[in-house]
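1. fold the stuff below for me.
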Amino acid sequence: MTNMTQACEGGIAVVMGAEELAVVLPPGDLRERLGELTNSTVQIFGVAAEELAEGITNCIAERFAEGVEVLVTGWGCPPLTEAVLGRLPRLRVVVHAAGSIKLLVTEAVWERGIVVSSAAEANAGPVADFTLAVIGLAAKGALPMAAAYANGHWPAFRERRGADGRTVGVIGASRIGRRVIAGLRASTAGYRVLLYDPYVTDADAMGAGVGTGVQRVALLADLCRAADIVTVHAPETPETRRLLDVEHLALIPDGGTVINTARGSIVDTEALERECASGRLSAWLDVTDPEPLEKGRRLFQLPNVVVTPHIAGAQGSEGRRLGIWAVEEVRRWRRGERLRGEVKREELERLA
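-> Model prediction:
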């Protein structure tokens, strides 16, 4: 754990994992811009993995904590429990330089009236780009074609798939889901797009930019029956656990593809593994249940499955996007402007 500077009254503290800090807010211009937003010094802490269990109160020394007004967090920051908040009496806003806040924010945060903002929008772009690239490969039948080629089969022209006219079923009109839909509508392939989201009406969908050319279906079963490609963008909630279960997977037409860049628990991993092992379906999985997936699982061996280690979101050079978002969000808050990523208590259950 490294204390870069000391805080005075009304200060800003940054607490996240040491590795994440080096990517999201490396030494340089972003830290300088953050420092310009306060009359106090900014305190920056990179938390080593072995220190996480000690909690955030051990990250910010008591003599600094009382002056912290703005807390910038990220992956690796311990939960903001009542005990933690008791050590941060001046804390007014939490800016999370990552996506989901579910493991960070507790009831005590809402009870204290602390404003919470998330960089989920900045993280959504890379996930949508990743998903759209995979959809394009799936529409071409890249996995089964590659497997057949590896076994010595050069496909005849009539065997080759094209993307034109393929039906893509989108589960969840989330930030990422909407970006994926926009990308599909802009594609030259002329995809037919279906949307399943029980919280979205036709009017809502139009008003929120899902737009024409997208058919909202009332039942997940109807989407599965019609879709060549099913892509998952729903939040992880008790209602969505194993939403794409054995019955729904069985409805997807032969040769179909399942893409999951949301949360592993939304898909029945064992049922999907069986469908892919039979050769009936293919899958591109950036998330699994459990995660990480244990070594030796059959999914890793199947030629019609690609499993990646949760890389779709902002990674590597993309991590700086989250730092830029966080600094700009702190700037907006200091100026009394509306926060672009503000999360309301009542919205939390339906967020990723």
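2. tell me where the stretch 151-300 of the chain is predicted with low confidence.
-> Of all residues in the stretch 151-300 of the chain, those with pLDDT under 70 make up the ranges 202-212.
3. how about the strands of it, start to end?
-> In order along the chain, the stretch 151-300 of the chain carries the following strands (DSSP state E, counting those that start in this stretch): 167-171, 192-196, 214-216, 229-232, 257-260, 282-285.
4. show residues contacting the fourth one.
-> Residues outside strand 229-232 that contact it (CB atoms under 8 Å, 6 or more residues apart in numbering): 131, 134-135, 138-139, 166-172, 180, 223-224, 244, 252, 256-262, 266-267. Just so you know, the C-beta spots here come from the backbone N, C-alpha and C atoms, and that holds for glycine as well.
5. tell me what the helix or strand hosting residue 122 is packed against?
-> In this assignment (DSSP states H and E), residue 122 forms part of helix 120-139. Using 3 or more CB pairs under 8 Å, 6 or more residues apart in numbering; DSSP states H and E as the contact criterion, the neighbours of helix 120-139 among helices and strands are helix 175-186, strand 229-232, strand 257-260, strand 282-285, helix 319-334.
6. now the longest one: buried residues?
-> Going by neighbour count (16 or more other CB atoms under 10 Å), the buried part of helix 319-334 is 319-330, 332-334.
7. tell me the mean pLDDT for it?
-> Per-residue confidence for helix 319-334 averages out to 94 on the pLDDT scale.
8. between that helix and helix 120-139, how many degrees?
-> For the pair helix 319-334 and helix 120-139, the angle between their directions (axes from the mean of the first three to the mean of the last three CA atoms, to 10 degrees) equals 150 degrees.
9. can you get me the start-to-end distance on stretch 105-120?
-> The distance separating the two terminal residues of stretch 105-120, taken as CA to CA, to the nearest Å, comes to 15 Å.
10. contacts for that stretch?
-> With contact meaning CB under 8 Å, 6+ apart, stretch 105-120 is reached by 79-82, 85, 91-101, 175, 321-322, 325-326, 329, 333, 339-343, 345, 348, 351-352.
11. filter the residues you listed down to the buried ones.
-> 79-80, 85, 91, 93-101, 175, 321-322, 325-326, 329, 333, 339, 341-343, 351-352.
12. okay, and which of those residues map to strands?
-> Under the assignment DSSP state E, the buried ones among the contacts of stretch 105-120 contribute 93, 94, 95, 96 to strands.
13. format those as a markdown table; extra columns: distance to residue 155 and pLDDT.
-> Shown next, in a markdown table, are these (distance: CB to CB, whole Å; pLDDT from 0 to 100):
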| residue | distance to residue 155 | pLDDT |
| --- | --- | --- |
| 93 | 57 | 95 |
| 94 | 53 | 96 |
| 95 | 51 | 96 |
| 96 | 47 | 96 |
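14. can you redo those residues as a markdown table with distance to residue 120?
-> Formatted as a markdown table, the entries for those read as follows, by distance: CB to CB, whole Å:
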| residue | distance to residue 120 |
| --- | --- |
| 93 | 16 |
| 94 | 14 |
| 95 | 12 |
| 96 | 8 |
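15. quick one: which of the residues you listed is nearest residue 74?
-> Closest approach between these and residue 74, by CB to CB: residue 96, at 6.9 Å.
16. partner residues bridging that closest one?
-> When bridges are taken as DSSP bridges, the partners of residue 96 come out as residue 73, residue 118.
17. phi first, then psi, for residue 304.
-> With angles defined as degrees, to the nearest 10, residue 304 sits at phi -100, psi 20.
18. and the residue nearest to it when sequence neighbours are not counted, how far from residue 217?
-> By the measure of CB to CB, 6 or more residues apart in numbering, the closest residue to residue 304 outside its immediate chain neighbours is residue 282, 4.1 Å from it. Residue 282 sits at a distance of 22 Å from residue 217 (criterion: CB to CB, to the nearest Å).
19. the two: who's more crowded?
-> residue 282 (25 against 17; other CB atoms under 10 Å).
20. for the more buried one, which residues are in contact?
-> The neighbours of residue 282, taking CB under 8 Å, 6+ apart as the test, are 138, 143, 144, 255, 256, 257, 258, 276, 304, 305.
21. in CSV: those, plus neighbour count and distance to residue 160.
-> Supplementary listing: these in CSV, determined by neighbours: other CB atoms under 10 Å; distance: CB to CB, whole Å:
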residue, neighbour count, distance to residue 160
138, 27, 14
143, 20, 14
144, 18, 11
255, 14, 13
256, 21, 17
257, 28, 16
258, 27, 22
276, 23, 22
304, 22, 17
305, 22, 21
